[in-house]
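Visitor: A predicted structure for the sequence below; I have some questions about it.
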Amino acid sequence: MKLTILGGGGFRVPLVYGALLADHAEGRVTAVTLYDTDAGRLTAIARVLGEQAANVPDAPAVTATTELDEALSGADFIFSAIRVGGLEGRAADERVALDQGVLGQETVGAGGIAYGLRTVPVAVDLAQRIARLAPNAWVINFTNPAGLVTEAMSRHLGDRVIGICDSPVGLGRRIARVLGADPDRSRIDYVGLNHLGWVRALHVGGRDELPRLLADPELLGSFEEGRLFGVDWLQSLGAIPNEYLHYYYFNREAVRAYQDAGQTRGAFLREQQEGFYARVKDPAAAALPAWDRTRAEREATYMSENREVAGVGERDGNDLGSGGYEQVALALMRAVARNERTSLILNVRNRTTLSVLDADAVVEVPCLVDANGARPVAVDPLPYHAVGLVTAVKAVERAVLDAAESGSRTTAVKAFALHPLVDSVAVAGRLLDGYTKAHPGLAYLNRP
């Protein structure tokens, strides 16, 4: 099988290739095509992959190209992990928002809206090309904002595009581990949108073990989310939120911490990765060790401002590894290609899963996956506090999609103004002005 990776020069691509190297079963991926608009980054990542494949006799063959149509043709699976505007764009997204006193995180709030307005037109073009050049391919979307981009692509690819995220996977594994359960034998009841979901149960051998966790303050406070949100708040919710909900529940504190930080997350990653790619240009430099060191630093500093707000210090060693999105991608490909029926938390079209949303709304829920794709399983209704956030953020996503399609400035302002973390229509207008100035690519938003 051929796997094409869009954004093939991206820093996290070696995680995906590492997962492929461990798969030796019949029907596995045997050819990987890396596509990127940046030839230098492609060369650097291809070097890392080459060192990963050393002494692996059946390693998937790797080719790199800057020609999109060449990359898409003949693909069985297409992994989309593009970043429109690069890390420079992310840093600008964060700074414009913070200048207006609102959160600038790349997928949540104003930063996520700006990122979506830049990315959706590109994602739609990709979806249309895939439909034309690789109509039988399955698309695995990791491009952020993952739920929004998956929904944009689904309008052209239907159920053949499936969004993945590592956050629910990591959360479920942490809960299982603290309960002394095998994460691979636990079933997680998780529901919401991408970066806006809650674990409501964790079933082990048919028994829900989450009430035991919620009833034990010492146990509840012993892992990442317990320390981040606080024991009292988690017990009040009766659920364990995705870590990104910290931006909603502790918004004022998070904004202040980001404003006080000497450097935004995007700016830090930009400098860090520029250093990595510069070092790997030297043919004498070992690419894989340099990548490993850079990744370890990246993981250790993840959401550091939020942990500072919560007073929880450095990340626990158990949380420093990969969040697991590459394993989700591999399990998804196996299930579809080999009809290995499995259950995964994915971003898919709602159908009738959540009654508060329409059938085409992309949600993040447990799905059954086989050769026919991914189908969401039935879940219990959302509690009212979750309904409010989920429906408000879905309205924002729909406004972003409408603005990207129509080029309407008014609709783009509406997207900002409707978001729960933007507190004024006037601020929404200033945000769009700031983003349009920072990103020439948003000049398309020039209609009423």
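Guide: Here it is on my side, so go on. All of these numbers come straight from a predicted model, not from anything done at the bench.

Visitor: residues contacting stretch 354-363, please?
Guide: Outside of stretch 354-363, the residues within contact range by C-beta atoms under 8 Å, 6 or more residues apart in numbering are 147-148, 150-151, 154-155, 163, 191-194, 347-353, 365, 376, 379, 381-382, 387, 390-391, 394. C-beta: built from backbone N, CA, C; applies to glycine.

Visitor: just stretch 122-141 next, same as before
Guide: 4, 6, 68-69, 72-80, 82, 84, 143, 149-150, 152-153, 155-157, 160-164, 329, 332-333, 336, 347, 373, 404.

Visitor: flag every buried residue along that stretch.
Guide: 122-124, 126-127, 130-131, 133-134, 137-141 (16 or more other C-beta atoms under 10 Å).

Visitor: how about the CA coordinates for stretch 210-229, as PDB?
Guide: What follows is stretch 210-229 as a C-alpha-only set of coordinates in PDB (Å, rounded to 0.1, in the frame of the first residue of the first chain):
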ATOM      1  CA  LEU A 210     -14.300   6.300  36.700                       C
ATOM      2  CA  PRO A 211     -16.500   6.700  39.800                       C
ATOM      3  CA  ARG A 212     -13.700   5.100  41.800                       C
ATOM      4  CA  LEU A 213     -11.300   7.600  40.500                       C
ATOM      5  CA  LEU A 214     -13.600  10.600  41.200                       C
ATOM      6  CA  ALA A 215     -14.300   9.400  44.700                       C
ATOM      7  CA  ASP A 216     -10.600   9.300  45.700                       C
ATOM      8  CA  PRO A 217      -9.100  12.800  46.000                       C
ATOM      9  CA  GLU A 218      -5.600  11.400  46.400                       C
ATOM     10  CA  LEU A 219      -5.800   9.200  43.300                       C
ATOM     11  CA  LEU A 220      -7.600  11.900  41.300                       C
ATOM     12  CA  GLY A 221      -4.900  14.500  42.100                       C
ATOM     13  CA  SER A 222      -2.100  12.100  41.100                       C
ATOM     14  CA  PHE A 223      -2.100  12.600  37.300                       C
ATOM     15  CA  GLU A 224      -1.900  15.400  34.800                       C
ATOM     16  CA  GLU A 225      -5.600  16.400  34.500                       C
ATOM     17  CA  GLY A 226      -6.200  16.100  38.200                       C
ATOM     18  CA  ARG A 227      -3.400  18.500  38.900                       C
ATOM     19  CA  LEU A 228      -4.300  20.800  36.000                       C
ATOM     20  CA  PHE A 229      -8.000  21.200  36.800                       C
END
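
Visitor: I'd like to know which helix or strand in the chain has the lowest mean pLDDT.
Guide: None of the helices or strands of the chain scores lower by mean pLDDT, DSSP states H and E than helix 304-310, at a mean of 60.

Visitor: taking the buried residues of stretch 122-141 together, which two end up most distant?
Guide: 122 and 138 (19.8 Å; C-beta to C-beta).

Visitor: give me the neighbour count for residue 337.
Guide: Neighbours of residue 337 under the rule other C-beta atoms under 10 Å: 16.

Visitor: nope, residue 158 is what I was after
Guide: Per other C-beta under 10 Å, the neighbour tally for residue 158 reads 13.

Visitor: can you name the residues that contact the residue positioned nearest the centre of the chain?
Guide: Centre of the chain computed as the mean C-alpha position; nearest residue by C-alpha atoms, centre = their mean is residue 165, 4.4 Å away. Residue 165 makes contact with 142, 146, 194, 195, 325, 328, 345, 347, 364, according to C-beta under 8 Å, 6+ apart.
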